[in-house]
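Asks: prediction below, plus the sequence it came from.
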Amino acid sequence: MLFQNIYKGKKVLITGHTGFKGSWLSLWLKKLGAEVIGVGLNPISGDSFFSVNNINKFIDDIRFDIRDLNKIKNIIINSEPDFVFHLAAQSLVRKSYSDPLETWSTNLIGTLNLLESLRKLKKKCACVLITSDKCYQNNEWVWGYRETDRLGGSDPYSASKASSELAIKSYFDSFFSNGESLVRITSARAGNVIGGGDWSADRIVPDCIRAWSKGESVQLRSPNSTRPWQHVLEPLSGYLFLGSKLYQNEKYNGESFNFGPSISENFSVLELVKVMGKYWDKVSWEDISENNEKLYESGLLKLSCDKALDMLNWKSTLQFNETIRFTVEWYKEFYEIKENISRKSSDQINDYVSYADKLSLDWTK
């Protein structure tokens with residue numbers, strides 16, 4: 001397996017390691033034999049994926065705010081990582097309206113702090129900076145956005161991610177493209193990620209699970225909004241594959257890549273909830289869109305992943321029903337046999353890799 005060869009024995013620094021995607025990535029990298037260093041804030045809840053899987057026991061778990069330039073610079077210089085995956089962010093659109101300054105400072109200044117710290121590193125390092133599918137100026141197109149399309153965003157979260165992409169491009173052109181630096185950087189754009197262990201507020205899957213676990217009805221704010229839903233392991237496989245390619249070949253330096261499902265895999269919130277109901281007993285929901293607070297959120301958003309297919313030969317693994325099944329089965333295990341959840345998490349990574357292997361995807365070879 002390619003990842004085993006590349007990451008085994010390597011130092012990998014993850015910012016935002018206590019978050020939903022960051023903790024899944026930490027677990028996967030540990031399974032690959034990497035020496036993981038995590039930098040992030042405290043988990044958002046005691047039942048976070050990070051906490052219930054006891055990830056702090058097998059990585060170097062460092063807690064501080066990415067907006068502290070001196071601290072992140074010291075960590076980068078002293079640890080001398082071979083790889084960096086930057087996921088630290090304020091990742092909620094609705095929260096960005098209530099606290100826009102925190103959103104902007106975390107997402108933009110945090111990214112700049114990491115880039116400035118990497119500029120001081122004097123060893124070979126491949127860095128994948130994760131932004132968002134919402135970094136594009138959304139015109140509600142029915143076709144997918146490409147990496148060359150216009151950046152932008154109406155809400156503070158989307159705009160902060162678009163600005164992060166501009167900062168990454170600026171640092172690449174100014175400091176990482178001249179052949180003098182040993183650091184290589186690339187950005188990855190993905191979104192609408194679901195999976196076991198996400199307890200964030202104002203996200204449809206955690207909202208459903210919280211309500212249904214109490215025998216309550218879930219309220220749907222935007223049942224007709226469509227998204228290219230993908231399991232958390234899908235973009236993570238893309239990030240890991242991209243990181244390995246970047247480490248081996250300079251041609252990926254400065255590039256940006258979208259990671260997501262096929263453009264045809266676009267389903268509404270209501271369709272998502274209905275399929276979730278197939279795997280969870282006694283579910284109910286109600287449409288509150290008429291009474292919902294009118295904060296802007298995109299109604300239609302798709303990504304074109306043709307570049308990832310063409311340059312990396314990467315494509316998604318799971319179909320929509322498999323994505324939902326993976327997700328709901330994790331939560332059922334959590335509520336029924338919580339002490340087995342670490343094994344369930346590890347098994348889902350193994351199962352996902354097996355699915356990809358059966359499809360003969362390049363990253364499994």
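Replies: Good, I have the coordinates.
Asks: show me where the stretch 151-300 of the chain has helices.
Replies: Using DSSP state H, counting those that start in this stretch, the helices of the stretch 151-300 of the chain run over residues 156-171, 204-213, 233-248, 269-276.
Asks: can you check the stretch 1-150 of the chain too?
Replies: For the stretch 1-150 of the chain, the helices defined by DSSP H, counting those that start in this stretch cover 2-7, 20-31, 49-52, 69-79, 93-98, 100-104, 110-118.
Asks: any low-confidence regions in the stretch 251-365 of the chain?
Replies: Applying pLDDT under 70 to the stretch 251-365 of the chain picks out residues 292-300, 365.
Asks: need the strands for it, in chain order.
Replies: In the stretch 251-365 of the chain, the segments counted as strands under DSSP state E, counting those that start in this stretch are 256-258, 267-268, 285-287.
Asks: and these: which comes nearest Gln319?
Replies: With CB to CB, the closest approach to Gln319 among the strands of the stretch 251-365 of the chain belongs to strand 267-268: 11.1 Å. Heads up, the C-betas are built off the backbone N, CA and C, glycines and all.
Asks: ok so, going back, Tyr136: which of the helices of the stretch 1-150 of the chain is closest?
Replies: Of all the helices of the stretch 1-150 of the chain, helix 93-98 comes closest under CB to CB, at 14.0 Å.
Asks: could you export the closest one as PDB, CA atoms only?
Replies: C-alpha atoms of helix 93-98 as PDB (Å, rounded to 0.1, in the frame of the first residue of the first chain):
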ATOM      1  CA  VAL A  93     -21.100  28.900   8.300                       C
ATOM      2  CA  ARG A  94     -23.800  29.900  10.800                       C
ATOM      3  CA  LYS A  95     -21.300  30.600  13.600                       C
ATOM      4  CA  SER A  96     -19.400  32.900  11.200                       C
ATOM      5  CA  TYR A  97     -22.300  35.200  11.300                       C
ATOM      6  CA  SER A  98     -22.400  35.400  15.100                       C
END
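Asks: just checking, Cys305 touches Asn258?
Replies: Yes. Between Cys305 and Asn258 there is a contact at 5.0 Å, judged by CB atoms under 8 Å.
Asks: shared neighbours, these two?
Replies: The contact sets of Cys305 and Asn258 overlap at Gly144 (CB atoms under 8 Å, 6 or more residues apart in numbering).
Asks: picking that back up, just the strands of the stretch 251-365 of the chain: most buried one?
Replies: Most buried of the strands of the stretch 251-365 of the chain, by mean neighbour count (mean count of other CB atoms under 10 Å): strand 256-258, with a mean of 22.
Asks: and that strand, which strands flank it?
Replies: strand 183-189 (parallel) (DSSP bridges).
Asks: quick one: the strand it pairs with to helix 156-171, angle?
Replies: Orientation check (axes from the mean of the first three to the mean of the last three CA atoms, to 10 degrees): strand 183-189 against helix 156-171 gives 150 degrees.
Asks: what's the closest of the strands of the stretch 251-365 of the chain to Ser91?
Replies: Nearest to Ser91, of these and by CB to CB, is strand 256-258 at 17.3 Å.
Asks: right, I'll call it a day here.
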